[in-house]
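> Below is the sequence, then the predicted model.
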Amino acid sequence: MLKNLYPDSLEASGRYLRIILKELSELKLPYTPIAYSVWYEYASGRNPELHKEIEAARKKKDLINYQTILEWFKHYVSDRPLVVAKEQTRKAENLLNGMTSCLNEAGNRMGRQRDNLKARIEDLNNASNQSDIKNICRDIILETQRIIDGNTEVKKNVHKTISELDALTLELKKLREAAKTDMLTGLLNRRGFEDAMVKPIKEAQAKTTPLTLIIADLDRFKRINDNYGHITGDNVLKLLSRLLQKHIKGKDIAGRFGGEEFIMALPETKMDGGFALAEQIRTSLEKMKWQSKSSGKDIGTITISLGVAQFIPDENLNSLIARADKALYSAKEKGRNRTAIHNGKEVIFP
């Protein structure tokens, strides 16, 4: 995890690990990344709202199952990188404000010191005896040294602040990337996908390049979770994400839109190319043999339904997604395990 997201020592992390494994075992919860993330936030006390929620549930002896964990993750944990990013941004603002104050103070101090030097030089011009000249020269030397020392201190503070700001900038970049990434699959999440689509949409709106969108949804995914457990379900989602990454190329963008729904944008690709890719993904998945790692049971064939739409003039991302989603819905209605396209007027099955 990122240093500023979970800055615990190895010793503390090991202590939390022992607590988490013990409590997940007692609650008969699966050891998934999501369950671990939720319980880490709870055990470490870093997430007060989540801690309060879990403590209340345990006190009332409410049922805590994997669905509860998923809800807590979505509500309290999934946006944590954004929360930390905001905290880091405030810290950067405080550093800049501190440096500005330091420079202003240094400027005021140097102004006073300059006035003092001018006054002592004037005294030197008016001095009438050797003793006065000696004392004034000593004062000038001391004042000059104070200016040098002050400048050195300002320079050290500025360099320190710049170093801290550089570290914060790097950490903020990592946090923003984490906030746009789906923790389970490593693909872009919905927020990340929408951000990545700004440029392709602008290019498509300018009519400089075609753009095709594919929305895919696993068929009867709930049965997998119900029959083989959420760990197996999570593994299916991870393997599907790898399959999508294997098939996309170049400027293509893939993301997990939520649950068992995935989305792919294909810049510089027309409808026929998008349909061909969707079919490659569908048939590749259909041919795969699946087995539950935990039970060793054969899962059988897993299929997927897909909807494809190409960007049309005067459209935006939301309307393009809506048309692809409508095609997906029709594919589900027609028996699943198929690809439908929306040609701008209606849904058809090539």
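Great, that's in hand. Numbering: from 1, shown residues only.

> The chain - how does it break down into domains?
Per the record, the chain has its domains at 10-78, 82-179, 190-348, by automatic domain parsing.

> Need the winner for burial among these.
A comparison of the domains of the chain by mean neighbour count, using mean count of other Cβ atoms under 10 Å, puts domain 190-348 on top with a mean of 18. Any C-beta I mention is one placed from the backbone N, CA and C, and that applies to glycine too.

> mind checking the end-to-end distance for it?
Using Cα to Cα, to the nearest Å, one end of domain 190-348 lies 27 Å from the other.

> And for stretch 210-228?
Stretch 210-228: ends 41 Å apart by Cα to Cα.

> What mean pLDDT does it get?
The average pLDDT within stretch 210-228 is 92.

> about what we covered before: check the domains of the chain for me: which has the lowest mean pLDDT.
domain 82-179 (a mean of 66).

> Can you tell me the centre-most residue of the chain?
Ala179 (1.6 Å; Cα atoms, centre = their mean).

> close enough to count as contact, it and Leu188?
No. The criterion here is Cβ atoms under 8 Å, and Ala179 misses it with Leu188 at 10.7 Å.

> Can you tell me the SS state at the nearest residue to Phe257 once chain neighbours are set aside?
Closest residue to Phe257 apart from its sequence neighbours, by Cβ to Cβ, 6 or more residues apart in numbering: Ile263 at 4.6 Å. Look at Ile263: counting by DSSP: H, G, I helix; E, B strand; the rest coil, its state is strand.

> For Ile263, give the beta-bridge partners.
When assigned by DSSP bridges, Ile263 has beta-bridge partners Ile215, Gly255.

> Who are the contact partners of it?
Phe193, Leu213, Ile214, Ile215, Ala216, Ala254, Gly255, Arg256, Phe257, Ile321, Ala324 (Cβ atoms under 8 Å, 6 or more residues apart in numbering).

> how does it look with 7 Å?
By Cβ atoms under 7 Å, 6 or more residues apart in numbering, the contact list for Ile263 reads Phe193, Ile215, Gly255, Phe257.

> sec struct for Ser37, please.
helix.

> With Thr68 instead?
helix.

> Tell me how far it lies from Lys74.
11 Å (Cβ to Cβ, to the nearest Å).

> ok, now Ser319?
Ser319 is 26 Å from Lys74, by Cβ to Cβ.

> same deal with Gly274?
Gly274 sits 30 Å away from Lys74, going by Cβ to Cβ.

> what's the answer for Lys52, then?
Note on Lys52: its distance to Lys74, by Cβ to Cβ, is 17 Å.

> Likewise for Lys202?
Taking Cβ to Cβ, one finds Lys202 at 31 Å from Lys74.

> Residues contacting stretch 308-328, please?
194, 197, 201, 204, 210-215, 217, 270-271, 274-275, 278, 305-307, 339-342, 344, 347.

> what's the closest non-adjacent residue to Trp259?
Actually, residue 259 is Gly. It isn't Trp. Gly259 sits nearest to Phe221 (Cβ to Cβ, 6+ apart), 7.6 Å away.

> thought that neighbour was touching Gly258?
No. Under the criterion of Cβ atoms under 7 Å, Phe221 makes no contact with Gly258, lying 12.0 Å away.

> Let me see the ranges of the helices in the stretch 101-250 of the chain.
For the stretch 101-250 of the chain, the helices defined by DSSP state H, counting those that start in this stretch occupy 130-179, 190-196, 198-205, 221-228, 230-247.

> measure stretch 266-274 end to end?
Start-to-end, stretch 266-274 (Cα to Cα) is 7 Å.

> Kindly report the same for stretch 23-35.
11 Å.

> So what touches it?
Outside stretch 23-35, the residues that touch it by Cβ under 7 Å, 6+ apart are Trp39, Ile64, Tyr66, Ile69, Leu70, Phe73, Met183, Leu184, Gly229, His230, Ile231, Asp234.
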